[in-house]
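Engineer: I would like the atomic coordinates for the input below:
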Amino acid sequence: MKQQIEIIVAPEKIYEESFLRYIASRKLGIRQEEITAIVPVRRSVDARKAPVFHLMVDVYVGEPPAKDKPKYIYNPVDGKKKVIVVGFGPSGIYAALHLIELGIKPIVLERGKDVQTRRRDLRSLQRERLVNPDSNYCFGEGGAGTYSDGKLYTRAVKRGNVSKILEILIQHGAHPDILVDTHPHIGSNKLPKIIAAVRQTILDSGGEIHYDSRVTDFIINNNTIKGVVVNTNEEYLGDALILAAGHSARDIFYILHKNKIKIEAKPFAMGVRIEHPQPLINEIQYHTKIKPENLPTANYSLSSNIDGAGVYSFCMCPGGLIVPAMTAPDEIVVNGMSMSKRDSPFANSGLVVEVKENEWTNEDEGSPFGALKLQQKLEQHAFKLAGFSLSAPAQKATDFVEGKYSQKLPKTSYIPGVTSARLDEELPAFIVKRLKKALKDFNKRMWGYLSDEAVLVGVESRTSSPIRVPRDRETFMHVDLKGLFPCGEGAGYAGGIVSSAIDGENCAEAVSKFLK
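Structural biologist: The predicted structure is shown next:
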């Protein structure tokens, strides 16, 4: 017999099986000896008062626990049907895996490098301030998620099988706890090996993966996509194309527009990164100066409606680092990441403002690039503020609100360094106004959030794509072009690793129906 119960456990007792057995036996009215196993199903922290864990468990009585779920099988594909997958981030990876499950050969084209080689370019970006436009924190095997944290929380539970997405990661080396924790996380130090294992699965099943392969044109005949041109002179042909290029592949948007393939501007958000000392966030969230053992490094999620627009924290990285996420040498873009232990002394998060259509139309009126132009303009201005270097413009949060220049900046985790700047004067007025109000509002909910220890680092502008590649809601195919399946964050249909992976699976399923 199996029964599911919820147990409230103090942090110091969370890993004591004997204590869990005692509580479960009391709750079920049975002897401890009758319990054959206790299997955690869901684990979350409740820190509204003294922090405790809420633990949902399956209690097995008089029978062994259920066997592990079978692994997903990827049989060899024969190549009779071939689909081009542009981009090898979460959407492209899961599209390729599901195509193999469906008996279809994926031909993956990735403009960047494999995860191992990509590390060298990231090191050059951090230490030597050299930007490789095709190999950086956004482009390369695994996409932006590989080296920017690996957070697996999603609200997109109705779009697909979230458990399957996580189980595939576990099958390739992720810790099984990602199926248990409410806010699962892998860590940028562990994701590369997992991605490399996924790559091997695709290759062993007969799929193809080509690195350093940037799409430079599309091959179209009779309003049907037939393939792509890579690096201006190589051609790849297929029976369909899944376009999963990511939210920073601006050149792809211009190639689509050149070929008269419909794209459109879409709402997005941009602002800054805010960084605090991690002990401060721990103290605010857990109500104690010393974090109790076994509690995770504290995080937060904040949102507010300011003047009819959303302002919210984004991609919060407890125990993390701010990283340079630019894809061109004349711009500044920041993002965040954490290692698996989340043991950095800093906590950072995006602090972004919703950008509405009337706030970008003047940038490029009449074209679909208005939102993108505004995004690009902000990034290039940040580069100018930083003295045309890869150091990032920064300002203390209190000085930002009070309209003062920061004579001295707190220490930050951003390796290329920061330069004091009047972000309150240099960012667009509508962003400044909403951020100031939001910071005061967030400080009421997290007292100490707005303090001299908090620093704003600019700019956080790649929260999502400012372009949508429109597709039919039922078929997932482009509204005007047969055989083209826009996919993931870059097409405007996902946000984050898991929702992008789900969209990749859904597009692969749609391709299979199209080919039949």
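
Engineer: Could you chop this structure up by domain?
Structural biologist: 2-61, 82-263+469-515, 268-460 (automatic domain parsing).

Engineer: Take these and lay them out in JSON lines including mean pLDDT and mean neighbour count.
Structural biologist: For every residue, glycine as well, the C-beta is placed using N, CA and C. Shown next, in JSON lines, are the domains of the chain (pLDDT from 0 to 100; neighbours: other C-beta atoms under 10 Å):
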{"stretch": "domain 2-61", "mean pLDDT": "95", "mean neighbour count": "15"}
{"stretch": "domain 82-263+469-515", "mean pLDDT": "95", "mean neighbour count": "21"}
{"stretch": "domain 268-460", "mean pLDDT": "95", "mean neighbour count": "20"}
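
Engineer: Among those, single out whichever gets nearest to D68.
Structural biologist: domain 82-263+469-515 (9.2 Å; C-beta to C-beta).

Engineer: Straight-line length of that closest one, end to end?
Structural biologist: End-to-end distance for domain 82-263+469-515: 10 Å, by C-alpha to C-alpha, to the nearest Å.

Engineer: any idea how far that domain is from the chain center?
Structural biologist: 13 Å (C-alpha atoms, centre = their mean, to the nearest Å).

Engineer: Offset the numbering so it begins at 531, please.
Structural biologist: Right, with 531 as the first residue, what we last looked at is domain 612-793+999-1045.

Engineer: would you list every one of the strands in the stretch 581-730 of the chain?
Structural biologist: Here the stretch 581-730 of the chain has its strands, by DSSP state E, counting those that start in this stretch, at 582-591, 612-616, 635-639.

Engineer: Show me what the longest one is packed up against.
Structural biologist: Under the contact definition 3 or more C-beta pairs under 8 Å, 6 or more residues apart in numbering; DSSP states H and E, strand 582-591 sits against strand 532-539, helix 547-558, strand 565-576.

Engineer: how big is the angle separating the lengthiest helix in the chain from strand 612-616?
Structural biologist: Among the segments of the chain that qualify as a helix by DSSP state H, the longest is helix 1027-1045. Relative orientation of helix 1027-1045 and strand 612-616, computed by axes from the mean of the first three to the mean of the last three C-alpha atoms, to 10 degrees: 150 degrees.

Engineer: Now do the strands in the stretch 931-1046 of the chain.
Structural biologist: Using DSSP E, counting those that start in this stretch, strands in the stretch 931-1046 of the chain cover 948-950, 985-990, 997-998, 1014-1016.

Engineer: Include distance to I820 when you put the ones you listed into a markdown table, please.
Structural biologist: Shown next, in a markdown table, are those (distance: least, C-beta to C-beta, whole Å):
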| stretch | distance to I820 |
| --- | --- |
| strand 948-950 | 30 |
| strand 985-990 | 24 |
| strand 997-998 | 47 |
| strand 1014-1016 | 50 |
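
Engineer: among those, which is nearest G673?
Structural biologist: Across the strands of the stretch 931-1046 of the chain, closest to G673 is strand 1014-1016 (C-beta to C-beta), at 15.7 Å.

Engineer: elements contacting that closest one?
Structural biologist: Partner elements for strand 1014-1016 (3+ C-beta pairs under 8 Å, 6+ apart): strand 770-773, helix 1027-1045.

Engineer: and those as JSON lines, adding distance to V607?
Structural biologist: Formatted as JSON lines, those follow (distance: least, C-beta to C-beta, whole Å):
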{"stretch": "strand 770-773", "distance to V607": "14"}
{"stretch": "helix 1027-1045", "distance to V607": "12"}
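
Engineer: how about these, which one is nearest S833?
Structural biologist: Per C-beta to C-beta, nearest to S833 of the helices and strands packed on strand 1014-1016: helix 1027-1045, 17.7 Å.

Engineer: Show me what the closest one packs onto, helices and strands only.
Structural biologist: So helix 1027-1045, by 3+ C-beta pairs under 8 Å, 6+ apart, packs with strand 612-616, helix 620-631, helix 692-701, strand 770-773, strand 1014-1016, helix 1018-1021.

Engineer: Name all residues that make contact with Y766.
Structural biologist: 614, 637, 639, 740, 757-758, 760 (C-beta atoms under 8 Å, 6 or more residues apart in numbering).

Engineer: Quickly run through the sheet partners of the host helix or strand of it, with directions.
Structural biologist: Element membership for Y766 (DSSP states H and E) is strand 764-767. Paired neighbours of strand 764-767 in the sheet (DSSP bridges): strand 754-760 (antiparallel).

Engineer: what about stretch 770-779, how long is it end to end?
Structural biologist: In stretch 770-779, first residue to last residue: 20 Å (C-alpha to C-alpha).

Engineer: that older thread, which of the contacts of Y766 lies closest to V687?
Structural biologist: The nearest member of those to V687, counting by C-beta to C-beta, is I614 at 29.7 Å.

Engineer: if I read this right, T1005 contacts A1040, doesn't it?
Structural biologist: Yes - in this structure, T1005 is within contact of A1040 by C-beta atoms under 8 Å, at 5.9 Å.

Engineer: Now V758: closest residue in space that isn't a chain neighbour?
Structural biologist: Nearest residue to V758, sequence neighbours excluded (C-beta to C-beta, 6 or more residues apart in numbering): V745, at 4.8 Å.

Engineer: Can you pull the phi and psi angles for the one you found?
Structural biologist: phi -70, psi 130 (degrees, to the nearest 10).

Engineer: residues contacting it?
Structural biologist: With C-beta under 8 Å, 6+ apart, V745 has these contacts: 616, 639, 641, 758-760, 775, 782, 785.

Engineer: Out of those residues, which two sit at the greatest distance?
Structural biologist: V759 and A775 (14.4 Å).

Engineer: Can you tell me, leaving aside adjacent residues, what's nearest to V613?
Structural biologist: Per C-beta to C-beta, 6+ apart, closest to V613 is A770, 4.9 Å.

Engineer: right, and the one you found touches V1041 too?
Structural biologist: Yes - contact criterion C-beta under 8 Å: A770 and V1041 qualify, at 4.9 Å.

Engineer: who touches both of the two?
Structural biologist: 613, 1015.

Engineer: quick revisit: would CSV of the contacts of V745 with distance to I708 be doable?
Structural biologist: What follows is those, written out as CSV (distance: C-beta to C-beta, whole Å):
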residue, distance to I708
V616, 28
L639, 29
R641, 28
V758, 34
V759, 39
V760, 35
A775, 26
I782, 31
I785, 36
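
Engineer: Quick check: nearest residue in space to L639, chain neighbours excluded?
Structural biologist: Using C-beta to C-beta, 6+ apart, the nearest residue to L639 is S743, at 4.4 Å.

Engineer: mind listing what the one you found touches?
Structural biologist: So S743 contacts 639-641, 760-761, 764 (C-beta under 8 Å, 6+ apart).

Engineer: Reformat those as TSV; add distance to R685.
Structural biologist: TSV is the format used below for the contacts of S743 (distance: C-beta to C-beta, whole Å):
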residue	distance to R685
L639	30
E640	28
R641	30
V760	36
N761	38
E764	40
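
Engineer: hmm, which two among the residues you listed are most spread apart?
Structural biologist: Across the contacts of S743, the longest distance by C-beta to C-beta is 13.7 Å; it joins E640 and E764.

Engineer: Please tell me how far stretch 805-817 is from the chain's geometric centre.
Structural biologist: Per C-alpha atoms, centre = their mean, the centroid offset for stretch 805-817 relative to its chain is 23 Å.

Engineer: contact partners of it?
Structural biologist: So stretch 805-817 is contacted by 577, 579-581, 819, 821-822, 825, 827-830, 848-849, 852, 874-878, 940, 942-944, 976-979, 981, 983-985, 987 (C-beta under 8 Å, 6+ apart).

Engineer: go with 6 Å
Structural biologist: With contacts defined as C-beta atoms under 6 Å, 6 or more residues apart in numbering, stretch 805-817 is touched by 577, 581, 819, 821, 828, 849, 875-878, 942, 976, 978, 983-985.

Engineer: Check stretch 642-657 too.
Structural biologist: By C-beta under 6 Å, 6+ apart, stretch 642-657 touches 660, 662, 664-665, 669-672, 722, 725-726, 741, 854, 945.
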